[in-house]
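In: 3D, please:
(chains A and B)
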Amino acid sequence: MHFLNGITILLVYQLVGEVTVRLFGLTIPGPVLGMILLFVTLIIRGHVGQSLDASTSALLGHLSLLFVPAGVGMMVYFSRIMNEWLPIAMALVLSTVLTMVVTALTMLGIQRLAARRSRDNG
Amino acid sequence: MVETGLTQIWVYLSTSPLLGLTATLVAYGLAHRLYVWANSNPLLNPVITTIGMLIVFLLLTGTSYEEYFEGGQFIHFLLGPATVALAVPLYEQLSRLRAVWIPVLVALLAGVIVGALSSMAIAWIFGASPETILSLAPKSVTAPVAMGISDAIGGLPSLTAVLVVVTGIIGALLGTKLFELLRIGDDGVKGIAMGVSAHGIGTARAFQVSPMMGAFSGLAMALSAFATAVLLPGMIDLVRAIFPGWLS
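Out: Just a heads-up that it's a prediction; the model follows:
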């Protein structure tokens, strides 16, 4: 019963998310809004219940399985990938490296700035 | 006689969701075993091997993607509740975030903006088509959210799913070497950078390095999924306003 209760909570939040997104013409995906609403609920409630915990671990334990059916859909785009393999490969490799470097250096820079400020003040 | 019997069975199977569903689970089971056997080598990421096996199977049996998806849709549907479920690990990491939230949030925003815009710019420089550019933009975000974003901004969700997985593998393969090169030792910083750029696959790699790097990576993955979903549509509108006619 725990698993069912948990999955029901997740589906209700997804449904509220989807309906809200359509009602207000928002551009964020409905499930993401559902995630935000559940996150806010958890902060207010102060704990994750047993049933939500059970269904969450079941779903997230093999998250990668869930995007296999969509991934197989790339067979429909074979010719596109063949034609555009160079821009795709360059974008994936260079942008991933750049994102990592920028994120890490920004965080280090701000931490150093904060450390220097607290040293100057204290 | 046996021939016609088999043909009849095949006709039944190819119109029933049973085949697509079972094939997906069997292929994933095999791929997962192979991955464990290879000591979690990122090149053998089970998503890529499962997708590869299924595509070969469909091509060999002459099954169309639409026929396969009759069964695949039952698994595909779970992406929605799984996305909502990401709120739980995010909530569980809240106490960790409280101590470092300012540097984390600034780094996260920088990473999200650079990740989306640089992938679009690089793809454009090398001559990609508008749909491919839009499908690439959410590449650093966990697949269920990235596919939703891709759909919302005019990309191709299936293409995005594959690009997301390949991005995660690239991040997992290059990450630790890159941090060595940059002489970054702080596991918190490494984790945030990994989660922002390489989502769940990067997070799995981060957990192999240390629990702290893994926890920060998971936190960054959840926060960047949320930030990208909110910011990316606006960023694309802005790009379209600055370069009229592009991406349309």
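
In: and residue B:162, how far is that from residue B:170?
Out: 13 Å (C-beta to C-beta, to the nearest Å). For every residue, glycine as well, the C-beta is placed using N, CA and C.

In: check residue B:12 too.
Out: With C-beta to C-beta as the criterion, residue B:12 and residue B:170 are 42 Å apart.

In: who's more crowded, those two?
Out: Legend: neighbour count by other C-beta atoms under 10 Å in any protein chain shown for residue B:12 and residue B:170, higher for residue B:170 (24 against 11).

In: contacts only, for that one.
Out: Counting by C-beta atoms under 8 Å, 6 or more residues apart in numbering or on different chains, residue B:170 touches A:92, A:93, A:96, B:198.

In: next, format these as TSV and append pLDDT, secondary structure and distance to residue B:129.
Out: Below are the contacts of residue B:170 laid out as TSV (pLDDT from 0 to 100; DSSP: H, G, I helix; E, B strand; the rest coil; distance: C-beta to C-beta, whole Å):
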residue	pLDDT	secondary structure	distance to residue B:129
A:92	97	helix	16
A:93	97	helix	19
A:96	97	helix	21
B:198	94	helix	25
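
In: out of these, which two sit at the greatest distance?
Out: Farthest pair in the contacts of residue B:170 (C-beta to C-beta) is A:93 and B:198. Separation: 11.9 Å.

In: and of the contacts of residue B:170, the nearest to residue A:31?
Out: For the contacts of residue B:170, the nearest to residue A:31 is residue B:198 (21.1 Å; C-beta to C-beta).

In: and for that closest one, nearest residue in space, chain neighbours not counted?
Out: Once flanking residues are discounted, residue B:198 sits nearest to residue B:171: 2.4 Å by C-beta to C-beta, 6 or more residues apart in numbering or on different chains.

In: contact partners for the one you found?
Out: Each residue near residue B:171 by C-beta under 8 Å, 6+ apart is listed here: A:96, A:100, B:140, B:194, B:197, B:198, B:199, B:201, B:202, B:205.

In: SS state for the fourth one?
Out: Here residue B:194 is helix, with the state taken from DSSP: H, G, I helix; E, B strand; the rest coil.

In: and it, how many neighbours?
Out: When neighbours are defined as other C-beta under 10 Å, residue B:194 has 34 of them.

In: wait, it touches residue B:203, no?
Out: Yes. Counting by C-beta atoms under 8 Å, residue B:203 is a contact partner of residue B:194 at 6.8 Å.

In: any weak-confidence spans in chain A?
Out: A:122 (pLDDT under 70).

In: would you list every one of the strands in it?
Out: Using DSSP state E, chain A contains no strands.

In: centre-most residue in it?
Out: What sits nearest the mean C-alpha location of chain A, by C-alpha atoms, centre = their mean, is residue A:32, with 7.6 Å.

In: that residue and chain B, how far apart?
Out: As judged by C-beta to the nearest C-beta, to the nearest Å, residue A:32 and chain B stand 4 Å apart.

In: quick check: closest non-adjacent residue to that residue.
Out: Closest residue to residue A:32 apart from its sequence neighbours, by C-beta to C-beta, 6+ apart: residue B:229 at 4.3 Å.

In: residues contacting that neighbour?
Out: Neighbour list for residue B:229: A:28, A:29, A:32, B:141, B:145, B:148, B:149 [criterion: C-beta under 8 Å, 6+ apart].

In: got it, and residue B:149?
Out: Shown in contact with residue B:149 (C-beta under 8 Å, 6+ apart): A:28, A:29, B:137, B:138, B:141, B:155, B:160, B:228, B:229, B:232, B:233.

In: phi first, then psi, for the fifth one.
Out: Spelled out, that is residue B:141. Torsion angles at residue B:141 (phi, psi; degrees, to the nearest 10) stand at phi -100, psi 150.

In: state the mean pLDDT of stretch B:184-191.
Out: Stretch B:184-191 carries an average pLDDT of 93.
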